[in-house]
Structure formats: structure tokens, C-alpha cells
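In: Please find the sequence and the predicted model below.
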Amino acid sequence: MQYITEYKSFYQVGDVVVLEYWYNDMLTPCIIVEKLSKVSYKVSHNVPHSKIPNAPDEIIRSSDIIDFSR
């Protein structure tokens, strides 16, 4: 069995990642604005492909991130 391992420098500031938005459970791309601790990030939804560009910035954990945006 293979496991996906994430080391602490896996996600960097400026990466565009996909996560599930808390309000309506839609998958949306967002950009990592700031790294707050080892496992928490501040993200912004102000990216070109986002359907909710005016959503407020939110603080998420690395486990909330689904994948890098393609």
C-alpha cells in the first residue's frame, strides 16, 4: 500500500490549490497568501478561475487542501 506523504514545506506561499468551500460545498481554486504555522494557511479566493472571487480570506489547515490546481 502506498501513502501520500506531505512534508512541512509541501505547500508554499503563492501556490494555487483546490479546496471545498465551507458555505456551499463547491470545489474552488484559491491561492495561499500566508503560512501561519506548520499546518495552517491563510488563503484568498481572488484568482482568475474562481467562481467566488469576492469571498473573504479564510484560514485553513493543510488537511483541508484537496490538490494543486491545474
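Out: Happy to help now that I have it.

In: elements contacting the helix or strand of the chain with the lowest mean pLDDT?
Out: Least confident helix or strand, the chain: strand 65-68 with a mean of 88, by mean pLDDT, DSSP states H and E. With contacts defined as 3 or more Cβ pairs under 8 Å, 6 or more residues apart in numbering; DSSP states H and E, strand 65-68 has these neighbours: strand 16-20. Bear in mind the C-beta positions are built from the backbone N, C-alpha and C, glycine included.

In: Parallel or antiparallel, list what pairs with the helix or strand following the strand it packs on.
Out: Where DSSP states H and E defines the elements, the next helix or strand beyond strand 16-20 is strand 27-35. The strands beside strand 27-35 in its sheet (DSSP bridges) come out as strand 16-20 (antiparallel), strand 40-44 (antiparallel).

In: In PDB, list the C-alpha atoms belonging to the least confident helix or strand of the chain.
Out: Listed next in PDB are the C-alpha coordinates belonging to strand 65-68 (Å, rounded to 0.1, in the frame of the first residue of the first chain):
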ATOM      1  CA  ILE A  65      -6.500  21.200   0.800                       C
ATOM      2  CA  ILE A  66      -7.500  18.600  -1.800                       C
ATOM      3  CA  ASP A  67      -4.900  19.100  -4.500                       C
ATOM      4  CA  PHE A  68      -2.900  21.600  -6.500                       C
END
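
In: Tell me the buried residues in that strand?
Out: Ile65 (16 or more other Cβ atoms under 10 Å).

In: Stretch 29-45 too?
Out: Quick answer for stretch 29-45 (16+ other Cβ under 10 Å): 29-32, 35, 41, 43-45.

In: List just the nearest of these to Asn54.
Out: His45 (7.7 Å; Cβ to Cβ).

In: separation between the nearest residue to Lys42 once chain neighbours are set aside and Asn24?
Out: In this structure, Lys42 finds its nearest non-sequential neighbour in Glu34, 4.2 Å apart by Cβ to Cβ, 6 or more residues apart in numbering. Applying Cβ to Cβ, to the nearest Å, the value for Glu34 to Asn24 is 25 Å.

In: what separates stretch 41-53 from the chain centre, distance-wise?
Out: 9 Å (Cα atoms, centre = their mean, to the nearest Å).
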